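J.: Predicted model and sequence below, questions to follow.
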Amino acid sequence: MNLIEIGKKYPSNKNISGFIQLYEKYFSSLKNSKINMLEIGVEGGDSLRIWREYFTNANICGIDIDKKDFKIENTEILQGDQSDKNFLKTLIDKYKKFDIIIDDGSHQAKHIIASFKFLFPYLNNDGIYVIEDLQTSYFPRYGGSRINLNKKKSSMYFIKSLTDTINYEKNDRPYYKKSDFDGHIKSIYFHQNIAFINKGESVNYFYNQDFKETFADKIKKLISNFF
């Protein structure tokens, strides 16, 4: 069965939100792969049950701030704070790296940002980092704003700033603040209330720092080939 069919079996809010159709689009190539998957935010466990049935060869871990009194076969559920570096380090010590990370946790901007900054380096190349329910970025109680769409501490502002890291080679300017993510994000896909961040090398030939020539020198060489 595909993810949409499996999703219908469980009352997860991923069905209501339309996320399940997007997950089928982005995750189908990994369905039978041996991957490590982390979901932040367990709630009643329905999304973990969906992942467990879909990714039959995956190691799946779910974390939640609240202790859960249920178990899901072949799935690890741990209690912990998604912004606690010491807790997150215990996950890395065990799983080393992940191929999929989904943040469906507190939706607090400060937690989303803290989790991403710590966990993204431990996402494998070609891995996918998903942040759900981004409508909360426009709610003051989640650290966002309905009025100021450029509020620097909001989750959407942070994710939008990551788009500059894709094009970091063009940003060799005094006002560009270099980021640890420069060159490590291949693409970012935004859909309503959700973002998919793909890890991978982002390098443009003309701006690659391995090439010592200036851009003007490259253009001159290209032109000279025609004369």
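T.: Thanks, I have the structure now. Numbering: from 1, shown residues only.
J.: Every contact and neighbour count from this point should use C-alpha atoms.
T.: OK.
J.: Look up which residues are beta-bridged to the most centrally placed residue in the chain.
T.: Against the mean C-alpha coordinate of the chain, by Cα atoms, centre = their mean, the closest residue is Y129 at 1.9 Å. On the basis of DSSP bridges, Y129 is bridged to I101, I197.
J.: can you pull the contacts of it?
T.: Going by Cα atoms under 8 Å, 6 or more residues apart in numbering, Y129 touches I100, I101, I102, D103, F120, L123, F196, I197, N198, K199.
J.: confidence score at it?
T.: pLDDT recorded at Y129 is 99.
J.: The chain: helices as residue ranges?
T.: Taking DSSP state H as the criterion, the chain contains helices spanning 3-7, 13-16, 19-27, 46-54, 85-95, 109-119, 155-166, 215-224.
J.: now for those, which one comes closest to Y142?
T.: Set against Y142 and scored by Cα to Cα, the helices of the chain come closest in helix 109-119, at 6.1 Å.
J.: Which strands or helices does that closest one pack on?
T.: Secondary-structure packing of helix 109-119 (3 or more Cα pairs under 8 Å, 6 or more residues apart in numbering; DSSP states H and E): helix 85-95, helix 155-166.
J.: Out of these, which is closest to F27?
T.: helix 85-95 (19.8 Å).
J.: quick one: the closest one to helix 109-119, angle?
T.: 40 degrees (axes from the mean of the first three to the mean of the last three Cα atoms, to 10 degrees).
J.: Give me the residues contacting helix 85-95.
T.: Identification of contacts with helix 85-95 by Cα under 8 Å, 6+ apart yields N36, G80, D81, Q82, F118, L119, Y122.
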